[in-house]
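A.B. asks: coords below, sequence missing:
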């Protein structure tokens, strides 16, 4: 416990009294100074007006005292030395006057470069001087306001938006400025101004927020002895024995203000007839039987929201926001969610918008009670700028705005981005527990996934990402990236390229959400180097790291596994390995074992046989000849020369879906091409030529690397995907007399990423063969256009 | 007084700080910087795409010490930041004309 006595924020009544008292006291001094200096000289044609905070009678102890010296006309301005004498007295008495001298006419026109002046006039109050003159200001300003009120509201909104953007439009700063940060006093005042210029129904009650924010600001002024409005960590401790509780109160009230000001700004900027307005009206066509879209806001058509997450899925799909009325109807709403509900929402490109809507309507903590652990949670360190919940949402949002080309590519290559988003939702959820937060988060994530009924494969990747979410950051800062052992250790821990990509993007998002400046070019470069280092190691491992004497396996199974890449163990479940082993047993009685099954919307073909030239190409060709689209493929072989090939493919024309006998026929055809009884090339010739756009969206790239392994040459190919591409590539390699040792094929978003390890007569490829093959492969990438 | 400026590998920062702490040097400024030395960066190939890595991430440490301590600090820094490979970085030493502690106007060595 600190020894310094804390000074808790004053009660609402105290706040009111203090502000009124301070205003009265200053008013008295200002009047006296005016009476002594200006009044005797200008009995007529000059008036002293309080504006801004002073005009509102809400003067804080160390705020500027905003004064307007109102003159009848520009010809009647008091001489400088008289004004100076008046102000000098105020300065000498310790006040900070901020004055301006204007004629009545000047007050009632728009000032392009000084909208703040006109805004300050909204809170005007006569203090002394010519009452007739002041009345003429009242009359003329009212007329001005009636005519130009909308334009003024527009300006106020513009200024507020600019200021809010400086604070990243979020209230959840760990050390907020109670005046300027979103949800602060300036926003509160902005709401009042906008509502006074353009009154609306359903005016929000901001009195509790005003009391808290003003009370804190009063204390900050007292503590600093000046106009200091930053609620720093030190200040939080000086104001409350329980800073965390104080901050939760603060965020709760700031949220009320934030919602109010956003609604007011929207109302003032959106008027029918404007281009923006028409666009928003057009968006109302998105309305469905359940939801109405009006002015970009989603309204419920039924009294109660749907029991699942479909409202938020709708919001995330179209990047909309929910209407205030919807928020009211969502009070206390607890959706019943299953794993698939989260999957559907988080699969959408604007998933973070859906999560934000859930947060805004307080549905997120109901749907995910664990979220309460980190709601408005302040964890202090030098780097984080936001509360933990806000950091989490910013992190998920940052994946939707990746500007760096390398990372944007990487993001597009991720298989199930929603798993990454769910892992981000969980990555800090154990913060504040006092334990290692990665471990605490893992425990919570496990419980959540158990409750939601997540399948084992999804759980595994999320658990990995949550537990390891700090690993890459730590490698970035504390490991020698040029030391081979760093790469090997990291590759061991990460296991597969797929996981590496997810972990890299998770790290990218996590760093980006620390504060707006955290993702410096320096960090981005470091993270990319770490990714590259691990990528190369994992690619190299495909041929260099083989299973040897698999531990704890019966002898027969161990000999089946002997020599397969370790990737095989990492990417297959024990059940799959058992199934492959069973297929391997069939090879005793037949030359080829083929199995096809349907899994999560795709088909998977597994093939075991003795290796032979052009095997991989033939199978790829056979699959393509059915009009099926190969998404992933792997070809591995064990020490005894048996290959295990797996192909994952989509069925875009629903050939297999609608004609179950076709699955048997495909199995038969694959068997025949493998046994050499049928020619894949001939099968493909019968296929109609696919329509190919004449322009490639992805420039094909083919590279050879000799240093990736001891015995084989690595060929990496990036190309626009098209039907039959894999067959053409593999066929080109086979026609050049090369043998494919290991293959790993992936496609994401029309982009094919292929890795082939190839030998020629048992050796690496000679330079001339490489350049010959390179042109063949490039031609294959471009295809018959 | 001497100003010592060291450009080192990022992963050596903790070692360097620790070593300096052990000889009683606590005050320093640390900046994340990017640059290259004589090797002028190099080209890397990622999936067939060549790209030039001309600015490598490094960390810059700056501190001002008394003339007598300068040598010890430089030796300590060099030993802590060394891996023996290209890219370990450099240490630069400057003469410092004066120092002022802003809080109380202390001047010269007493401001350090």
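C.D. replies: Cool, the structure landed. Since this is a predicted model, take the numbers as computed values, not measurements.
A.B. asks: let me know whether stretch B:12-19 sits next to chain A.
C.D. replies: Yes - applying C-beta under 8 Å from any C-beta of the partner chain, one finds stretch B:12-19 touching chain A at B:13-14. Every C-beta, even on glycine, is put in place using the N, C-alpha and C of the backbone.
A.B. asks: and that stretch, what's buried?
C.D. replies: Neighbour-count burial for stretch B:12-19, counted by 16 or more other C-beta atoms under 10 Å in any protein chain shown, picks out B:12-13, B:15-17, B:19.
A.B. asks: so for stretch B:5-21, mean pLDDT?
C.D. replies: Averaged across stretch B:5-21, the pLDDT comes to 93.
A.B. asks: stretch A:250-262 too?
C.D. replies: For stretch A:250-262, mean pLDDT is 91.
A.B. asks: so how far is that stretch from its chain's centroid?
C.D. replies: 22 Å (C-alpha atoms, centre = their mean, to the nearest Å).
A.B. asks: what's in contact with that stretch?
C.D. replies: Contact partners of stretch A:250-262, identified using C-beta atoms under 8 Å, 6 or more residues apart in numbering or on different chains, comprise A:160, A:171-172, A:176, A:178, A:181-184, A:187-188, A:190-191, A:194, A:204, A:206, A:208-209, A:212-213, A:216, A:231, A:324, A:327, A:360, A:376, A:387.
A.B. asks: what subset of the residues you listed is buried?
C.D. replies: When the contacts of stretch A:250-262 are checked for burial by 16+ other C-beta under 10 Å, the buried set is A:160, A:171-172, A:176, A:178, A:181-184, A:187-188, A:190-191, A:194, A:204, A:206, A:209, A:212-213, A:216, A:231, A:324, A:327, A:360, A:376, A:387.
A.B. asks: biggest strand in chain B, by residue count?
C.D. replies: strand B:56-65 (DSSP state E).
A.B. asks: tell me the strands beside that one, with direction?
C.D. replies: Using DSSP bridges, the strands paired with strand B:56-65 are strand B:2-8 (antiparallel), strand B:29-35 (antiparallel).
A.B. asks: to which secondary structure element type does residue A:137 belong?
C.D. replies: Here residue A:137 is helix, with the state taken from DSSP: H, G, I helix; E, B strand; the rest coil.
A.B. asks: who's in contact with stretch A:670-682?
C.D. replies: A:591-592, A:594, A:605, A:607, A:609, A:612, A:615, A:617-623, A:625, A:669, A:683, A:727, A:731.
A.B. asks: contact partners for residue A:708?
C.D. replies: A:536, A:539-540, A:543, A:714, A:757.
A.B. asks: 6 Å instead?
C.D. replies: A:540, A:714 (C-beta atoms under 6 Å, 6 or more residues apart in numbering or on different chains).
A.B. asks: for it, phi and psi?
C.D. replies: Backbone torsions of residue A:708, given as degrees, to the nearest 10, read phi -80, psi -30.
A.B. asks: any idea how far the nearest residue to residue B:56 once chain neighbours are set aside is from residue A:737?
C.D. replies: Among residues not flanking residue B:56 along the chain, residue B:36 sits closest, at 5.9 Å (C-beta to C-beta, 6 or more residues apart in numbering or on different chains). As for residue B:36, its distance to residue A:737 is 43 Å (criterion: C-beta to C-beta, to the nearest Å).
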